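*Asks:* just a sequence and a predicted model for now, questions to come.
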Amino acid sequence: MIYTVPSLSAVDFALTAHTPVDTSPVTQALASYTLPSLSAVDFALTVWTPPTYLDVGWELLPDAGSFPTQFSGLRTFYAGGMVELCLVAAADANAGNQLRLRKGATTYCAYLVDTSDPQASNVRIETTAGTKAVRVKT
């Protein structure tokens, strides 16, 4: 059996006139409403003592994904091949001892990490804070 779509005519889409709902009975019913009287007893004040909280210090930690921009240009032979080392802008380098490199008019710093850091390369630098490693570029 094959289904045939019925034909549509203007009669199917005839508009019907509707009268808006009369809201005057509701308005008249609410007009007679009066607020209940309130007394001072309804608003009695209660003594409240704020709780004592522990004095907890807050430390703003850097966002884990906000590592400084890394630049190319310093390489070493490591782990069986050439490895790029992490160069950052001088303003983004670690505080303290820095290994600075200059290319043209721009000064870069090798990003130093602890030798136990998973991103540490085989390049070691002796600083006043101990032996550090130059970070591998990621």
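*Replies:* Great, that's in hand.

*Asks:* drop to CA atoms for contacts and neighbour counts, all remaining ones
*Replies:* OK.

*Asks:* give me the number of residues near Thr69?
*Replies:* Thr69: 10 surrounding residues under other Cα atoms under 10 Å.

*Asks:* helix/strand/coil for the closest residue to it other than its chain neighbours?
*Replies:* Excluding its sequence neighbours, the residue lying closest to Thr69 (Cα to Cα, 6 or more residues apart in numbering) is Val88, at 6.1 Å. For Val88, the assignment made with DSSP: H, G, I helix; E, B strand; the rest coil gives strand.

*Asks:* wait, Val88 touches Thr106, no?
*Replies:* No: between Val88 and Thr106 there is no contact under Cα atoms under 8 Å: 10.8 Å.

*Asks:* looking at those two, which is more packed in?
*Replies:* Val88 (22 against 9).

*Asks:* show me what contacts the more buried one?
*Replies:* Residues counted as contacts of Val88 (Cα atoms under 8 Å, 6 or more residues apart in numbering) are Pro68, Thr69, Gln70, Phe71, Tyr108, Cys109, Ala110, Tyr111.

*Asks:* related to what we said a few turns ago, what's the pLDDT at the residue nearest to Thr69?
*Replies:* Note for Val88: predicted pLDDT of 89.

*Asks:* ok, it to Val136 distance?
*Replies:* Per Cα to Cα, to the nearest Å, Val88 is found 12 Å from Val136.

*Asks:* got any residues that touch both of the two?
*Replies:* Joint contacts of Val88 and Val136 (Cα under 8 Å, 6+ apart) do not exist.

*Asks:* just for this structure, where's the confidence low?
*Replies:* Low-confidence segments of the chain, defined by pLDDT under 70: 1, 3-16, 18, 21, 23-46, 51-65.

*Asks:* and Ala89, what are its bridge partners?
*Replies:* Per DSSP bridges, the residues bridged to Ala89 are Tyr108.

*Asks:* thinking it is in contact with Lys103, fair?
*Replies:* No: applying Cα under 8 Å, one finds Ala89 not in contact with Lys103, separated by 11.5 Å.
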